[in-house]
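Engineer: Return a 3D structure for these sequence lines:
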Amino acid sequence: MKIVISGGGTGGHVYPAIAIADAIKVLEPTTEILFVGAKTKLEMTAVPKAGYDIIGLNIGGFQRKFSVYNVALVFRLIDSLWKSFKLLRSFRPDAVLGVGGYASGPVLRVAAWMKIPIYIQEQNSYAGITNKLISSHAKKIFVAFENMDKFFSTSKLMLLGNPVRSSLSNTINKREAYSFFNLDSNKRTIVVLGGSLGARTLNREIANSYNLLSGLNDVQLLWQTGKMYWDEYKSHPVSNLPHVKALPFIENMDWLYAISDVAITRAGAITISELAVTGIPAILVPSPNVAEDHQTKNALALVRQEASLMISDNEVEGKLLKVALDLLNNESLRHKMKINLAKISKPNAAKDIAMEILKNSKV
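Structural biologist: This is a model prediction of the structure:
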């Protein structure tokens, strides 16, 4: 069997795709898998690192106002459609899975024209425009949130959850994890995550909280600034506090979750799924800079189930760490959140999606 997986652009699209590919290979080791991504984007390095081949398309997203870039993008889109056609005609896949992102659209569109079975994996609680446009041609649409029938046909929907990295199911030696991050195993830990690039609002608030942080005795902070902001904060007084560990990026997320008592993070769909699988109580700060404000919708889905707290981006100043410390000291609330996170957790999402694709695409 041959399968094409298309999409990417951000970790929220790329890492679920890799998790599904890994699950497919476990179930059917002889399956040939080819990724298609957007040139210059994360997938062009992350996918080969995971052991898979990838082809890049010269494609990007439309800007919401008229620009010369949009005019040029029309020609790049035509070129991507033509390359997608040649790729699919040559590789002859039995199925195509779209995970969202720039490269997903052209490949899914051409696959539909060629009558190749297509599948969609929508990570967010608010469907992306590419997935909405192509959904009528999909055999199955895999989602992670309830009430997605407002975007997609009920007959195609399958609520299977978001795939998370397989390492999260590993048994972690917590003492080794504390040692890895050079943290104290006798102190409670708050982690701050703004994504691989970082979050300006979160970083600014941590940096402005020196007085509060310097007075903590039994609490430590693991702070991922993001690569974009590392130079700005690596020598900041907060970063130099003995109980604060600042890093530009953290790859060993399984170790991070193992020592986390409370998380402060954006509300990307995959982050939320990982919090659910690992049972980490969190304060979610949705990014205001995403399409259709989908991170707020993601966060509200957890807040309504009393599984997380939420603070709007414009309400963070002077409030964020105080709320985190209050949650850290409220053992009963954290216990309640852990129970509710377990209820919505879907740790087998990658395997379940892989099984559906293989079952419905047998040749």
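Engineer: and the longest helix anywhere in the chain, which residues are buried?
Structural biologist: As assigned by DSSP state H, the longest helix anywhere in the chain is helix 68-91. Using 16 or more other C-beta atoms under 10 Å as the test for burial, helix 68-91 gives 73, 76, 77, 80, 81, 83, 84, 85, 87, 88. (C-beta placed from N, C-alpha, C; glycine too.)
Engineer: repeat for stretch 315-326
Structural biologist: Quick answer for stretch 315-326 (16+ other C-beta under 10 Å): 316, 320, 321, 323, 324, 325.
Engineer: In contact with the last one, which residues?
Structural biologist: By that I understand residue 325. Applying C-beta atoms under 8 Å, 6 or more residues apart in numbering to residue 325 gives the contacts 190, 219.
Engineer: Surely it forms part of a strand?
Structural biologist: No: Residue 325: not assigned to a strand; according to DSSP: H, G, I helix; E, B strand; the rest coil it is helix.
Engineer: tell me the pLDDT at it?
Structural biologist: For residue 325, the pLDDT comes out at 97.
Engineer: where along the stretch 1-150 of the chain do the helices fall?
Structural biologist: For the stretch 1-150 of the chain, the helices defined by DSSP state H, counting those that start in this stretch occupy 11-27, 43-49, 68-91, 104-113, 129-134.
Engineer: so where's the stretch 101-250 of the chain shaky on pLDDT?
Structural biologist: 196-197 (pLDDT under 70).
Engineer: The same query, at a cut-off of 80, please.
Structural biologist: Residue ranges of the stretch 101-250 of the chain with pLDDT under 80: 166-167, 169-171, 195-198.
Engineer: quick one: the strands in the stretch 151-300 of the chain?
Structural biologist: Secondary structure of the stretch 151-300 of the chain, counting by DSSP state E, counting those that start in this stretch: strands at 157-159, 188-193, 219-224, 244-247, 262-265, 282-284.
Engineer: Rebuild those as JSON lines, extending it with mean neighbour count and distance to residue 353.
Structural biologist: Shown next, in JSON lines, are these (neighbours: other C-beta atoms under 10 Å; distance: least, C-beta to C-beta, whole Å):
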{"stretch": "strand 157-159", "mean neighbour count": "16", "distance to residue 353": "8"}
{"stretch": "strand 188-193", "mean neighbour count": "23", "distance to residue 353": "25"}
{"stretch": "strand 219-224", "mean neighbour count": "23", "distance to residue 353": "28"}
{"stretch": "strand 244-247", "mean neighbour count": "20", "distance to residue 353": "31"}
{"stretch": "strand 262-265", "mean neighbour count": "26", "distance to residue 353": "24"}
{"stretch": "strand 282-284", "mean neighbour count": "25", "distance to residue 353": "25"}
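Engineer: one step back: tell me which of the helices of the stretch 1-150 of the chain sits nearest to residue 164.
Structural biologist: helix 11-27 (6.5 Å; C-beta to C-beta).
Engineer: Now the closest one: buried residues?
Structural biologist: 11-25.
Engineer: Same question for stretch 238-251.
Structural biologist: 238, 239, 241, 243, 244, 245, 246, 247, 248, 250.
Engineer: nearest to residue 145, of those residues?
Structural biologist: For the buried residues of stretch 238-251, the nearest to residue 145 is residue 250 (26.0 Å; C-beta to C-beta).
Engineer: Hmm, that closest one is touching residue 224, no?
Structural biologist: Yes: taking contacts as C-beta atoms under 8 Å, residue 250 lies within contact range of residue 224: 5.2 Å.
Engineer: what is in contact with the two at once?
Structural biologist: Going by C-beta under 8 Å, 6+ apart, residues that sit against residue 250 and also against residue 224 are residue 193.
Engineer: just the CA coordinates of the longest helix of the chain, formatted as PDB?
Structural biologist: The C-alpha coordinates for helix 68-91 follow below in PDB (Å, rounded to 0.1, in the frame of the first residue of the first chain):
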ATOM      1  CA  VAL A  68       1.500  41.800  -5.100                       C
ATOM      2  CA  TYR A  69       2.300  38.700  -3.000                       C
ATOM      3  CA  ASN A  70      -1.300  37.400  -3.600                       C
ATOM      4  CA  VAL A  71      -0.900  37.900  -7.400                       C
ATOM      5  CA  ALA A  72       2.300  35.900  -7.400                       C
ATOM      6  CA  LEU A  73       0.700  33.300  -5.200                       C
ATOM      7  CA  VAL A  74      -1.900  32.500  -7.900                       C
ATOM      8  CA  PHE A  75       0.900  31.400 -10.200                       C
ATOM      9  CA  ARG A  76       2.600  29.400  -7.400                       C
ATOM     10  CA  LEU A  77      -0.800  27.700  -6.800                       C
ATOM     11  CA  ILE A  78      -1.100  26.700 -10.400                       C
ATOM     12  CA  ASP A  79       2.500  25.400 -10.300                       C
ATOM     13  CA  SER A  80       1.700  23.400  -7.100                       C
ATOM     14  CA  LEU A  81      -1.400  21.800  -8.700                       C
ATOM     15  CA  TRP A  82       0.600  20.700 -11.700                       C
ATOM     16  CA  LYS A  83       3.400  19.300  -9.500                       C
ATOM     17  CA  SER A  84       0.800  17.500  -7.300                       C
ATOM     18  CA  PHE A  85      -0.700  15.900 -10.400                       C
ATOM     19  CA  LYS A  86       2.700  14.700 -11.600                       C
ATOM     20  CA  LEU A  87       3.600  13.400  -8.100                       C
ATOM     21  CA  LEU A  88       0.400  11.500  -7.700                       C
ATOM     22  CA  ARG A  89       0.500  10.100 -11.200                       C
ATOM     23  CA  SER A  90       4.000   8.800 -10.500                       C
ATOM     24  CA  PHE A  91       3.700   7.600  -6.900                       C
END
